[in-house]
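**Q** Okay, predicted coordinates and the sequence, questions at the end:
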Amino acid sequence: MASTATAPAPQPIPPSLSLPPSQFARLQPHAYLLAHLSPPASSQQPSIRANGRSPSQFRVTSANTGSLTHTNGSAVVRLGDTTAVCGVKAEILHTEDIASWSVSHSSSSSFASNKRRKLTNPTAKLGEDRTDSGDNESHIEDFSLLVPNLSLSTGCAPGLIPGAPPSALAQSMSHQILSLLHTSRLVRAEDLQIWYERPNFGPEEPEHHNESEQMDVDVEQEGSDEASIQTGEIKAFWVLYIDIMIISLAGNPFDAAWTAVLAALRDTKLPRAWWDVDNETVVCSDIVSEARKLSLWGLPIASSFGVFEADAAAGWRSVTIQDAEEERKLAEGDRKGIQRRWVLADPDGYEEGLSQERVCLVVDKPQGGDGKVFIVKMEKNGGFAVDRKELKELVDISTRRWEDINQILKQC
Amino acid sequence: MGGPIASLNPLNRADGSASYKCVSTGSNILGSVNAPIELPGRRDALKPEEATIEVFVKPGTAPGGVGERYIEGVIRNALGRLILGRENGYPRRGVVITLAIVGGESVGRGGSYLPLLPALLHTAALALLSASVPLSMTLSATVLAVDSSGEIIREPSVKDAKAATSLHALAFTSKGQLLLNESEGAFDFGTWETVYERALAICHGTSTLSSDGDVAMTENVDSQPLEGVLRDTVQDQIHSEYAWKIDAA
């Protein structure tokens, strides 16, 4: 530290051993953040993070959709200095190109019954009616109809080499996004199906092509199962390639990437497509007004947190004395206003380097429901600071975050 | 319900190894640990005062993909808090943990690794113990599925896990702190709290901290707590290794 004290300071005032904040931040990152979060009582300053936010405050978020014209849907999401660009491109997958199609499709009636049972699950109760996805919901997973890929090799941060093969971080985030798309069932299988409607020579008008798939299913549920199965057949699927580029990385890439995926999927429009029996191919309409948006289930929104501990040695102390008694002491300290650890919402790059423990929550609030929040994903790893009580508070913070992001996505 | 079957040191050449078979999920894991070793040309410039932990997960039937990278990260973060990477001889060196899935159903693209996670963590913990890597604590983990009727299934099979509405993998330290939680699927916080209670009981039994700070293990409805299973495995191994001494005495 002594050597840096000799570095030329811009002002002539400094007494010995004072350095500009930026240097202090680099030399003693832990002490720097701690000094911000627990200022001396005499200084009358509030506890605030080094970046000027309060512990539960997220960075300013903005979203922009439809920026890329060659995609079916796109979005740019900024979370402070972290920026993610997401493009969704749809391609057609013929069922005859799916090796297992004939097998799984002919046996679909046999697993229909156990899928039905799943319909009575609590998710359906939670405000939204997910019932008509019943038989088809496994299509998305079985045939890989959603293909997300996240790229960090864009020169987005000094530590990441541009053009390098995907890092472990990029790969694991690609996986997280894919498995979140699957578990939240955000995209409905019906939206991705391309049907062949057999002309119905009966008295009924064969006018339902695309907009009526839901009707189809409704009819099916009303009991005339065989009739609707005979009039239609799935001939192809839309496959959505979801590419995410992090073009600037300053911490918390997952929230930015997931919000970008959400915004891009909300923006995605698929052209009207049908099976042309004479040409034996799928034909798309080029009339823009006939293209339709995806109808997504809910709006699961991610919020990430990092834990900062006042004790710099907490991560490697050989004897962890965090037993019941210690816990009580900590609680006592809390009451006296001495805080030992902070859960920081939306950590930036600097804070991420100082926190070992991470929490990621994805919550959703069904529209028109009773305002009850349900959790789609809850991850916590790398430490002991966050337990039941803390997680409950974080769910509340995430719920507030849901409201904010919901507003932002509505406006874009 | 049968408990897990574990053994230490099935491999001769590695510094430490363990095999672990979970009867209910059907997963069978073989793990090895080499520590401390010199990592070729890899000086972790960011944290030179600590050991670098590397985790490799090798699926049974397929080449590794993004799902493996993800679960490797999860295991590394969880164990990173337990391994004392600053003990003598460890800084700047590596702790390499290799986990091979030798049995059970493999995980497909985008599939969930959560049913396998407890077995992977237990194997890693046992292998670390057998390699005598300094640890601050040990861990025990379990996975629970909540089905559509709200019933909790302990250590579900792959089929049960697919049909479940939500899936929760929890790991506790030997002091009973929540070390790791991975939950997916739709659930509310109340459900998670019951899952937490159940998982804590599975890992630690209906434990009570006795006055001397030891966790008193009590038998519980679910059979022996997992913490005890791991402890017994290590105890048996030590007993057989020191048989010459014990017999002589």
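**A** Here it is on my side, so go on. Numbers count the residues shown, from 1 in each chain, chains lettered A, B, ... in the order given.
**Q** Checking B:Gly26 next. Helix, strand or coil?
**A** B:Gly26 falls in the coil class when you classify it by DSSP: H, G, I helix; E, B strand; the rest coil.
**Q** isn't it right next to B:Gly103, touching?
**A** Yes: between B:Gly26 and B:Gly103 there is a contact at 7.1 Å, judged by CB atoms under 8 Å. C-beta here means a position set from N, CA and C on the backbone, and glycine is covered the same way.
**Q** what's the overlap in contacts for the two?
**A** In terms of CB atoms under 8 Å, 6 or more residues apart in numbering or on different chains, B:Gly26 and B:Gly103 are not both contacted by any residue.
**Q** For the most centrally placed residue in chain A, give its distance to chain B.
**A** Geometric centre of chain A, nearest residue: A:Trp258, 3.0 Å, by CA atoms, centre = their mean. Distance of A:Trp258 to chain B, computed by CB to the nearest CB, to the nearest Å: 14 Å.
**Q** Hmm, A:Ile177 and that residue touching each other?
**A** Yes: using CB under 8 Å, A:Trp258 makes contact with A:Ile177 at a distance of 6.4 Å.
**Q** Against which helices or strands is the strand or helix carrying B:Ala100 packed?
**A** For B:Ala100, the host element (DSSP states H and E) is strand B:94-103. Secondary-structure packing of strand B:94-103 (3 or more CB pairs under 8 Å, 6 or more residues apart in numbering or on different chains; DSSP states H and E): strand B:28-37, strand B:52-58, helix B:66-80, helix B:117-130.
**Q** Give me the helices and strands touching the longest one, please.
**A** Meaning helix B:66-80. Short answer (3+ CB pairs under 8 Å, 6+ apart): helix B:66-80 packs on helix A:168-184, strand A:374-381, strand B:52-58, strand B:94-103, helix B:117-130, strand B:178-187.
**Q** pLDDT (mean, whole number) over that helix?
**A** Summarised as a single mean, pLDDT over helix B:66-80 is 93.
**Q** can you check the shortest one too?
**A** Per-residue pLDDT over strand B:52-58 has a mean of 92.
**Q** Paired strands for the strand ranked longest in chain A, with orientation please.
**A** If you go by DSSP state E, chain A has its longest strand at strand A:232-248. In the sheet, strand A:232-248 lines up against strand A:82-94 (antiparallel), strand A:146-151 (parallel), strand A:193-197 (antiparallel) (DSSP bridges).
**Q** Work out the gap between the last one and the centre of the chain.
**A** Looking back up the chat, that one is strand A:193-197. Strand A:193-197 sits 30 Å away from the centroid of its parent chain (CA atoms, centre = their mean, to the nearest Å).
**Q** Equivalent analysis for stretch B:94-106, please.
**A** Distance of stretch B:94-106 from the chain centroid (CA atoms, centre = their mean) equals 11 Å.
**Q** Could you check that stretch and say which residues are buried?
**A** Within stretch B:94-106, the residues scored as buried using 16 or more other CB atoms under 10 Å in any protein chain shown are B:94-101, B:104-105.
**Q** if I look at the residue most central in space within chain B, how far off is chain A?
**A** Compute the mean C-alpha point of chain B, and by CA atoms, centre = their mean the closest residue is B:Leu121, 1.8 Å away. Distance of B:Leu121 to chain A, computed by CB to the nearest CB: 11 Å.
**Q** show me the contacts for that residue.
**A** The contact partners of B:Leu121, taken as CB under 8 Å, 6+ apart, are B:75, B:78-79, B:139, B:141, B:171, B:180.
**Q** go again using 7 Å as the cut-off
**A** B:75, B:78, B:139, B:141, B:171 (CB atoms under 7 Å, 6 or more residues apart in numbering or on different chains).
**Q** For the closest residue to B:Val146 other than its chain neighbours, name its beta-bridge partners.
**A** Leaving aside its sequence neighbours, B:Val146 sits nearest to B:Ser166 (CB to CB, 6 or more residues apart in numbering or on different chains; 4.8 Å). Beta-bridge partners for B:Ser166, by DSSP bridges, are B:Val146, B:Gly185.
**Q** Test my guess that B:Ser166 contacts B:Ala186.
**A** Yes: counting by CB atoms under 7 Å, B:Ser166 touches B:Ala186, with 6.2 Å between them.
**Q** and the strands paired with strand A:232-248 as JSON lines, adding mean neighbour count?
**A** Below are the strands paired with strand A:232-248 laid out as JSON lines (neighbours: other CB atoms under 10 Å in any protein chain shown):
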{"stretch": "strand A:82-94", "mean neighbour count": "21"}
{"stretch": "strand A:146-151", "mean neighbour count": "21"}
{"stretch": "strand A:193-197", "mean neighbour count": "19"}
